[in-house]
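*Asks:* build the 3D model from these lines:
(2 chains, ligands or ions: 1)
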Amino acid sequence: MTAEKHVLSILVDNKPGVLSRIAGLFSGRGYNIESLSVAETMDPLVSRVTLVTKADAPVIEQIEKQLNKLINVIKVHDFTGAEYVQREMVLIKVTAKPEHRAEILRMVDIFRCKVVDVGMEHYTIETTGDQGKINAILNLLKPIGIKEIVKTGIIALLRDQYTKK
Amino acid sequence: MKLTGAQILMKALKEEGVDTIFGYPGGAVLDIYDELSKTEMRHILVRHEQGAVHAADGYARAAGKTGVCLVTSGPGATNTVTGIASAYMDSIPIVIITGQVPTKLIGNDAFQEVDIVGITRPCTKHNYLVKNVANLATTIKEAFYIAGSGRPGPVLIDIPKDIVNDLAEYVSPEKVSLRSYNPTYNPNIKQINKVVKLIHKAVKPVIFAGGGIILSKAHAELTQFARKTRIPVTASLMGLGAFPASDPLWLGMIGMHGTYRSNMAIGECDLLIAVGVRFDDRVAGRTDTFASNAEIVHIDIDPTSIQKNISVSVPVVGDCKTTLEHLNKLIKKEDFGDIGQKCKGWLDKINEWKSTRPLAYTQSDIIKPQYVIDKLYELTKGKAIITTEVGQNQMWAAQYYHFDEPNHFITSGGLGCMGFGLPAAIGAQVACPDKIVVDVAGDGSIQMNIQEMATAVQYGLPINIVILNNQYLGMVRQWQELFYGKRYSSTSMEHAPDFVKLAEAYGAVGLRAVRPEEVEPVLSEGLSSPKTVIMEFVVAREESVYPMVPAGASITEMLLV
Ligand SMILES: Cc1ncc(C[n+]2csc(CCOP(=O)(O)OP(=O)(O)O)c2C)c(N)n1
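*Replies:* Numbering: from 1, shown residues only, chains lettered A, B, ... in the order given. This next block holds a predicted model:
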């Protein structure tokens, strides 16, 4: 059986310790977390956790069931196979020697990113998108010299269904 | 009128129907103990906090309701962890109340501070740190609801010292509703219909009963179901008593030390109806060969138990009792007239397995441990509540004592925790003062919580401790004999206290049997004593438990005597 990537969207009670229950479940049972992002939803009593993990079918079934079993978990939704939008934000600090500045700005333009900080030797670029786009810009900037990056982890929402089945 | 946190706690416990608490005081819970002394609540002072949790566990199982224990912060709380883990693995409803340092000191490494909520997160069904006295009553109500509903389990409430003294109105909801917690009690009817179809088709069916039957009080429903369909029944260690052992359909225990006919039946059956079990590795052995000729139906209230270790053809999420009620209703309408006929060959084969490979031992001039359990069964007419320690003693108790009723076999099944039996016996005896309670023990395990003798004596509990003294950590020795070329590394227990004198030192009665003919008189005398009794039986040193399925082997690959 092959391990597939799954994007899980988990609604939880917005209470202290809930995230550590989720993280503890993963570490205690030997599951892996590839990325994780959490914040309050429109309802301040509820938070949404977006968690990416890689697992084969029986394991993902256990992961979902075990998550559902946690008292503070309201709903678990596996987006895999469904239509969803996903975004990740990355801040990229790139070396900006005078001879490269124009090229960097051109790329920022093409990818519709933003320069959010300019220094004597660096630009910091903000970019959001799906992983394809982010990998593309990282690959293009790499030869110029990336000093540091930071990623938020994926957030995702289901697409609205226009066509009813 | 405003009440203090301590008063709220007592009131809330009373509303939950709690009349007995097992505990041990300390700085952080002084105010609670002060309040406790002003109530009718019975408090059993144990000698170690691990004992408090095991006692609450034994109480919960014998009484069929949620057990409660109360301990102080820091070391008091950490001492409970083994007991909590044991209750968690066996799905026993307990509420554990721990004291905590005052709110403003939390996180400052204060004296006797420990993050018990963090420590017990993986071994509780849920846990709470109460940060506002206004939430205390609701938290307690929720805790009892969570502990006792769905798949039961331990719930811990950590209460900081200042919260105990803060004032609040007593407000508690009529009914608990948690939007994130809704156990499924009612099974899906379509799935149930599939089960009925499979029963019609099967010619070699087996029912496999687990602790879930006992927890959901489905003993009568299971018995009715099996008798009506004439399907033979095996059970896990936790399921002993779920079906009457005196019934001709009873196969005996399944698993590593299961009976030959149970394990063979699993190997050959064409339909396995598993109810309230979780296919522990000690049950299933090699999972890819487990019941490999069978359609497997798995009924359990906890969806995580289903498809975890064994893949099944018909998963049914639901409460065991409710589901069996549904099944019984359905099969009532069906014609099962020929089912006995259809499965006759199967039942004959099972009986043949039983007669050719029964559980057996030969009593010689040294006391055999199995003989002690045999006699114990005879003398108590199978009516005693048996708790056990862990090891060979536990397995012999499971094999040679026969249980017709639920809640009579109390053992640490999932965690396999030595030191469980004596405190659990205390809890069971407190819950059932009119029953004979016996802790079947090994000489090793009994020394793990022997201090609870003092508790038993203090409260005048006539517990019977049967020590099968083989002067070894017997079960580990057995593995060393079989799999490590008899290299008995650190399993000899030659140095032990004189158990008779020890009993006397605690103010209990001490008896010893060294020869086979002394077994019965010692048991009779001990069982009829109104005091706490230790009965030590000096048994054959290198006796082993058989049948045995080596770890990782198929369940039908048994080592026989
Ligand atoms: C707390 C704990 N420590 C260690 C073990 C490992 N263990 C399992 S059985 C056993 C031997 C038990 O010896 P004894 O109590 O004398 O019982 P016997 O097997 O001889 O009946 C040991 C050490 C355990 N189950 N629990």
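
*Asks:* and the pLDDT at residue B:145?
*Replies:* At residue B:145, the pLDDT value in this model is 98.

*Asks:* and residue B:341, by the same measure?
*Replies:* pLDDT at residue B:341 comes out at 75.

*Asks:* which element is residue A:92 on?
*Replies:* strand A:84-95 (DSSP states H and E).

*Asks:* for that strand, which positions count as buried?
*Replies:* A:87, A:88, A:89, A:90, A:92, A:93, A:94 (16 or more other C-beta atoms under 10 Å in any protein chain shown). Using the backbone N, CA and C atoms, a C-beta is placed for each residue, glycine as well.

*Asks:* what does stretch B:342-361 give?
*Replies:* B:342, B:343, B:346, B:347, B:349, B:350, B:353, B:354, B:357, B:359, B:361.

*Asks:* pretty sure the first one sits against residue B:204.
*Replies:* Spelled out, that is residue B:342. No: with contact defined as C-beta atoms under 8 Å, residue B:342 does not reach residue B:204; the gap is 10.0 Å.

*Asks:* contact partners for residue 104?
*Replies:* Since you didn't name a chain, this refers to chain A. Residues near residue A:104 by C-beta atoms under 8 Å, 6 or more residues apart in numbering or on different chains: A:94, A:96, A:123, A:125, A:141, A:144.

*Asks:* if you could check chain B rather than the one you did, that'd help
*Replies:* Contacts of residue B:104 (C-beta under 8 Å, 6+ apart): residue B:162.

*Asks:* against residue B:133, how distant is it?
*Replies:* 14 Å (C-beta to C-beta, to the nearest Å).

*Asks:* list the strands paired with the helix or strand hosting residue B:128, with their directions.
*Replies:* Assigning secondary structure by DSSP H and E places residue B:128 in strand B:126-129. Pairing partners of strand B:126-129, with direction, according to DSSP bridges: strand B:154-160 (parallel).

*Asks:* follow-up on the earlier one: now tell me what touches the following helix or strand past the strand holding residue B:128 from outside.
*Replies:* The helix or strand immediately downstream of strand B:126-129 is helix B:136-148, counting by DSSP H and E. Contacting residues not belonging to helix B:136-148 are listed as A:71, B:5, B:8-9, B:11-13, B:15-16, B:65-66, B:93-95, B:125-126, B:128, B:130, B:153-155, B:157, B:159, B:163, B:168, B:170-173, B:176, B:178, B:181 [C-beta under 8 Å, 6+ apart].

*Asks:* at 7 Å what do you get?
*Replies:* Residues outside helix B:136-148 that contact it (C-beta atoms under 7 Å, 6 or more residues apart in numbering or on different chains) are A:71, B:5, B:8-9, B:12-13, B:16, B:66, B:93-95, B:125-126, B:128, B:130, B:153-155, B:157, B:163, B:170-173, B:176, B:178, B:181.

*Asks:* can you select the buried ones from the residues you listed in PyMOL?
*Replies:* This is the PyMOL syntax for the buried subset of the contacts of helix B:136-148, where burial follows 16+ other C-beta under 10 Å:
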select buried, (chain A and resi 71) or (chain B and resi 5+8+9+12+13+16+66+93+94+95+125+126+128+130+153+154+155+157+163+172+181)
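
*Asks:* among the contacts of helix B:136-148, which are in helices?
*Replies:* B:5, B:8, B:9, B:12, B:13, B:163 (DSSP state H).

*Asks:* ok, so of the buried residues of stretch B:342-361, who is nearest residue B:552?
*Replies:* residue B:357 (22.2 Å; C-beta to C-beta).
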